[in-house]
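Trainee: Just to be clear, the model below is a prediction. Sequence and coordinates:
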Amino acid sequence: MIKAIETEYKDYLFRSRLEARWAVFFDAIGVTWEYEKEGYDFDGLWYLPDFWVWEWDSFAEIKGYTEQLEDGLFKCRKLKEMTGKRSFVLYGAPDYEIYQMIFPDVEHDGELYYGIENPNKILQCRKCSSFWFSNTREISYGPINRCDPKCTSEKGPFLTDVLINAHNNAKSYRF
């Protein structure tokens, strides 16, 4: 495994360049985040979630390697149990072609699944610009923020130019 490179961005010292790139992505789509906002004690196991995303009322854990996924999903599951807040892993670089958004406790047809088989993405409504969690299986886990009540979009969420530009900004950002 490659050693993480501490990276400074917006007066934060991130533990890895990958975490800093996700901060750039969040900024580019206009969501408010806090890095390592608050720590939690899971019966002697100390956990400091990477991000709190205000608009999504959610915690986001960043992982870059498959070996880290099980630990990240375990911590996200415990965090949701403790706080009642949504928690997920962003696995990989903020590149719309490769990253995955993994929920530790998603059920579909009564079956719990996560990991590589749960290829969620952050998408956006083209009509009202609300962001959604969605995946390639055509299963929607609901919007991050509900569409505006007046939104009459019937096409659902998309990978918009806003998201493509945000991914490109995050990938190419020079720290």
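Mentor: Good, I have the coordinates. Everything numeric in this text was worked out from a predicted model, so none of it was measured. Numbering: from 1, shown residues only.

Trainee: drop to CA atoms for contacts and neighbour counts, all remaining ones
Mentor: OK.

Trainee: How about the helix or strand hosting residue 46, which residues are buried there?
Mentor: Secondary-structure assignment from DSSP states H and E places residue 46 in strand 45-47. Buried residues in strand 45-47, counted by 16 or more other C-alpha atoms under 10 Å: residue 47.

Trainee: Stretch 35-47 spans what distance, first to last residue?
Mentor: Distance across stretch 35-47, first residue to last, is 13 Å (C-alpha to C-alpha, to the nearest Å).

Trainee: What residues sit buried inside the longest helix seen in the chain?
Mentor: Looking only at the chain and at elements set by DSSP state H, the helix with the highest residue count is helix 66-83. Under the neighbour-count criterion of 16+ other C-alpha under 10 Å, helix 66-83 has 69, 72, 73, 75, 76, 77, 78, 79, 80 buried.

Trainee: Thought residue 90 was touching the third one, still the case?
Mentor: Looking back up the chat, that one is residue 73. No: contact between residue 73 and residue 90 fails when scored by C-alpha atoms under 8 Å: they sit 10.2 Å apart.

Trainee: between those two, what contacts are shared?
Mentor: Taking C-alpha atoms under 8 Å, 6 or more residues apart in numbering as the contact rule, residue 73 and residue 90 both touch residue 102.

Trainee: chain center to the longest helix of the chain: distance?
Mentor: Between the centre of helix 66-83 and the centre of its chain there are 13 Å (C-alpha atoms, centre = their mean, to the nearest Å).

Trainee: partners of the strand holding residue 46, with directions?
Mentor: strand 40-42 (antiparallel) (DSSP bridges).

Trainee: neighbours around residue 99, how many?
Mentor: Residues within reach of residue 99, counting by other C-alpha atoms under 10 Å, total 17.

Trainee: likewise residue 54?
Mentor: Using other C-alpha under 10 Å, the number of residues around residue 54 comes to 12.

Trainee: Surely it and residue 30 touch.
Mentor: No: counting by C-alpha under 8 Å, residue 30 is not a contact partner of residue 54; they are 10.9 Å apart.

Trainee: Quick check: beta-bridge partners of the nearest residue to residue 79 once chain neighbours are set aside?
Mentor: What sits nearest to residue 79 in space, not counting adjacent residues and going by C-alpha to C-alpha, 6 or more residues apart in numbering, is residue 87, at 7.0 Å. For residue 87, the beta-bridge partners under DSSP bridges are residue 59.

Trainee: for this structure, what spans make up the helices?
Mentor: Taking DSSP H as the criterion, the chain carries its helices at 17-29, 66-83, 161-172.
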